[in-house]
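> Following is a predicted model, sequence given first.
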Amino acid sequence: MEAGNHAPPAVKAPSAAGASVKQFFGKYGLIILLLVLPVAYGAQDISQDGNLSRLGNNLVAGLSNGAIWALVAIGYTLVYGIVELINFAHGDVFMIGSLSAAGLFGTVGLTAATGPFGLVVGLLLTLILCMLASGALNVMIERVAYRPLRTAPKLAPLITAVGFSFILQNVGILWIGGSPEGITDLIQAQKQFVEIGGVSITHADVLAVGVTLPLVLLLTFFINKSRIGKAMRATAQDPEAARLMGINVDTTISMTFLIGGLMAGAGGLMYALYQTTIWFFQGFQAGLIAFTAAVMGGIGNLQGAVLGGFIIGIIQQISDNRIGGEWTPAIVFAYLVLIMVLKPQGLLGEETREAG
Amino acid sequence: MSRESLKPFIAVGAALVAVLVGLLVQMDMTMSIVLALLVGARLFFADNPKAVKIVSVGLIVWAIALPLFHVEAGGFIDDAVLALAYAVMALGLNIIVGFAGLLDLGYVAFFAIGALAAGWFMSGFFFDANVHVFVSGVASELPGIHLNFLLVLVIAVVLCTAAGMVIGLPTLRLRGDYIAIVTLAFGEIAGRLVLNGDEITVGGQKLTNGRQGITPIDKIDLPFTAPFESLNLRPWFWLALAMLLLVLFVNYRLRDSRLGRAWIALREDEVAAASMGVPLVKTKLLAYGTGAAFGGMSGAFLASLSNTVNADQFQFSFSIFILAMVILGGLGSIEGVVVGAIALTYINFRLIPDVLNDVPSKVGLDFDLSELSFGIFGFLLVIMMVMRPEGLIPERRRKLELAEGIGAGETASAGGSVETVYEARG
């Protein structure tokens, strides 16, 4: 069983028709699964409304929503790629990012009446501060909860991660109380920015994609070109060899957590602007959704996480809009389980430490 | 000083702690002192199997007598009944996480299924039906399906075992944290299904009552006794104790059985276990199934005790609550898990809401401590894992395993390089 990972797929016992069906589902099952919802509802739209504008709206809202999940998913995927740990507290780092964003709006002096120029400057300032806060928090968590347990059995850091998730949620409760809190709608999030063929694009959509894309591009550039990025890739491939080559593995791991935290902070700010409601529990849901996104794209793979984020965003939006918001978590989790069954390595996966 | 010469001090110290704890939980003074003597004797004669056996019998007798020394309801016995029921659940989770090493973060699903079994078959939920099997008292005249609690217990066990195996199936190819996430997803799906179950109808019948919950649930009605009452918790206590003893017995027997050894082998090294002929699929599924069954038993009991199946109970935090009991007591350590369950139940239901709740306001802080109980558990998890990963009462074998990992030292301190782990096998 174990050998399945190293050996090329062809080695898998080819036992007649059953095997080829299995192979087919292993290869395309996930993609078929992902297309079910949009295609089914697209067909329903055409037969009922005669056009696809409702599906189009779902897709646009899903993409912008997914941009936030993509940012959070990057944190999961980077950390997993380098230390093979699911940073359970990551969703809550994102939540703290949202909360600090909401707090900073007041400090920076942003109100609904602030002009466009002030808004841009103020938001940029808040963005940087939020990112730093979440990044520092993530590094601290790694230092306290994961580093002492790095050689312990896998169970141990996972449990401290869950523990930290709860601690951060309670920090959230102490900060803003136990119920969701509305915040000023600074960017008039739901106001239409432009309409294309019956599909309306709101301010929130523009903001989400406008922040995420540059950040992701910057990050890709950083990881591919910079010295630290190179160190990160080396450590992900083989920590022991990286250490022998003179790479400070501890610092590199801290850097990874820092980057993950920075992205989560940016996601947190956008979530606050986008949803205009924040509460302590948002991180738990977001964390699981983003983790699903990371797994869907292929964990450890940066582009995969972004792709997965967009896909999950769309699924979530379609489910919210058509099936009912109360079922969305169940549907996202059902997707998670199905991915695990059909293709645990994800859409762009196979870049595990062994394969790399 | 050798460990041998320290023994009297350890025994006396533990006895003192037992008295203090007894006083803290408002246990009867005589009973606390008896408990202290038993604990002291247990530790002092730890190497003498015969004496340990006698002390264990003494502890059981002590536990049976315990309710007689306290008022019938309110105060001590309320927490005691809950503690026993949670101990049953924690022992179930201990089989999955402690013995077989499969981190299950969705244990709440089994609580939900067990409770639903009681909600379906011990209440007026199916109001069109009119089925009564071995029930007496009020329940025998109400519409709905009313089965005897023992039958419901069997149903809950069967349903949970099946559910446990279904949940186990997708995790067979996965390892470590992936198992945790998949089980977590199942736990959340189960919670959502109960919460939104009023939207699902099968043949005109709703699955659950959604947020309203299913209430009232019949009181437990054992053969040859009158139905239990909510104002007299003594019978509840004895039943819970009987369940705990049964589960303890099963736990000990399983641990020392062929299956138990297979679980431990699996936990220590899956590849080695497989190559030594341990059937992975069967062994893993049996771990999920057995662990789930105990969760279901306790879930059905708790539903009848609390008189309701409240959909808001079935949340991730509940899974963590039970997991924290297992971690606190010591993964895989049967005695430890019982102690952990009792301790955390007391902390959650008495210490935080009643005893410590006015502490923040006294020191001038404005928040409600009971809101933070899960932060406290989270803190406990982190502290336990970093400081004492083997738990309060460690299991010898587990302790060695953990020491091996952590003590491996600087030479191999980079992420998991000591042992390559293939997380997702395709």
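Great, that's in hand. Because the structure is a prediction, the values reported are computed rather than measured.
> Next to chain A, which bits of the stretch 1-150 of chain B? Give me the list.
Residues of the stretch 1-150 of chain B found near chain A (C-beta under 8 Å from any C-beta of the partner chain) are B:97, B:101, B:103, B:105. Every residue, glycine included, has its C-beta placed from N, CA and C.
> Please name the residues that touch the third one.
With contacts defined as C-beta atoms under 8 Å, 6 or more residues apart in numbering or on different chains, residue B:103 is in contact with A:155, A:158, A:159, B:97, B:176, B:177, B:179, B:180, B:183.
> at 10 Å instead, please
A:154-155, A:158-159, A:162, B:93, B:96-97, B:171, B:175-181, B:183-184, B:323, B:331 (C-beta atoms under 10 Å, 6 or more residues apart in numbering or on different chains).
> just residue B:56 next, same as before
Counting by C-beta under 10 Å, 6+ apart, residue B:56 has contacts B:38, B:42, B:248, B:335.
> Quick check, pLDDT for the third one.
According to the model's per-residue confidence, residue B:248 sits at a pLDDT of 95.
> Please, where are all the helices along the stretch 51-200 of chain B?
B:76-93, B:108-121, B:149-171, B:176-195 (DSSP state H, counting those that start in this stretch).
> In its sheet, which strands sit next to the helix or strand just after the last one, and in what direction?
Reading on from helix B:176-195 to the C-terminus, the next helix or strand found by DSSP states H and E is strand B:201-202. Sheet neighbours of strand B:201-202, with direction, are listed as strand B:205-206 (antiparallel) (DSSP bridges).
> For the strand it pairs with, what is the distance to the chain centroid?
Chain-centre distance of strand B:205-206: 31 Å, with C-alpha atoms, centre = their mean, to the nearest Å.
> pLDDT on it, on average?
Computed over strand B:205-206, the average pLDDT equals 82.
> same check, this time on stretch B:170-178
Rounded mean pLDDT across stretch B:170-178 is 78.
> Run the contact check for it versus chain A.
Yes - using C-beta under 10 Å from any C-beta of the partner chain, stretch B:170-178 reaches chain A at B:170, B:171, B:172, B:173, B:174, B:175, B:176, B:177, B:178.
> okay, stretch A:239-254 in PDB with CA atoms only?
Taking Å, rounded to 0.1, in the frame of the first residue of the first chain, the C-alpha atoms of stretch A:239-254 are listed here in PDB:
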ATOM      1  CA  PRO A 239      15.100  19.700   5.800                       C
ATOM      2  CA  GLU A 240      18.100  17.600   6.700                       C
ATOM      3  CA  ALA A 241      20.000  18.200   3.400                       C
ATOM      4  CA  ALA A 242      19.000  21.900   3.600                       C
ATOM      5  CA  ARG A 243      20.600  22.100   7.000                       C
ATOM      6  CA  LEU A 244      23.800  20.500   5.700                       C
ATOM      7  CA  MET A 245      23.900  23.100   3.000                       C
ATOM      8  CA  GLY A 246      24.000  25.800   5.600                       C
ATOM      9  CA  ILE A 247      20.300  26.900   5.600                       C
ATOM     10  CA  ASN A 248      19.000  27.900   8.900                       C
ATOM     11  CA  VAL A 249      16.000  25.600   9.000                       C
ATOM     12  CA  ASP A 250      14.400  27.200  12.100                       C
ATOM     13  CA  THR A 251      14.500  30.700  10.600                       C
ATOM     14  CA  THR A 252      13.200  29.400   7.300                       C
ATOM     15  CA  ILE A 253      10.200  27.700   9.100                       C
ATOM     16  CA  SER A 254       9.600  30.900  11.000                       C
END
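> Now it: average pLDDT?
92.
> Just the buried residues of the helix or strand hosting residue B:272, please?
Per DSSP H and E: residue B:272 is located in helix B:270-275. Going by neighbour count (16 or more other C-beta atoms under 10 Å in any protein chain shown), the buried part of helix B:270-275 is B:270, B:273, B:274.
> show me where chain A has helices.
Ranges of helices in chain A, per DSSP state H, are A:16-48, A:53-83, A:90-108, A:116-141, A:155-176, A:203-225, A:227-237, A:239-244, A:249-275, A:282-297, A:302-318, A:328-342.
> burial measure for residue B:238, as a count.
The number of residues packed near residue B:238 is 18, by other C-beta atoms under 10 Å in any protein chain shown.
> Format the residues of stretch B:170-178 next to chain A as a markdown table; extra columns: neighbour count.
Shown next, in a markdown table, are these (neighbours: other C-beta atoms under 10 Å in any protein chain shown):
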| residue | neighbour count |
| --- | --- |
| B:170 | 22 |
| B:171 | 24 |
| B:172 | 16 |
| B:173 | 18 |
| B:174 | 20 |
| B:175 | 20 |
| B:176 | 23 |
| B:177 | 25 |
| B:178 | 21 |
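> what's the most distant pair in these?
B:172 and B:177 (15.5 Å; C-beta to C-beta).
> ok, residue B:202 - how many residues close by?
For residue B:202, the neighbour count with other C-beta under 10 Å is 7.
> Now do the same contact list for the closest residue to residue A:133 other than its chain neighbours.
Leaving aside its chain neighbours, residue A:133 sits nearest to residue A:100 (4.8 Å; criterion: C-beta to C-beta, 6 or more residues apart in numbering or on different chains). Residues near residue A:100 by C-beta under 10 Å, 6+ apart: A:107, A:126, A:129-134, A:137, A:175, A:265, A:268-269, A:272.
> Ok, residue A:203 next?
Neighbouring residues of residue A:203 by C-beta under 10 Å, 6+ apart: A:64, A:185, A:186, A:187, A:188, A:189, A:190, A:191, A:192, A:193, A:273, A:274.
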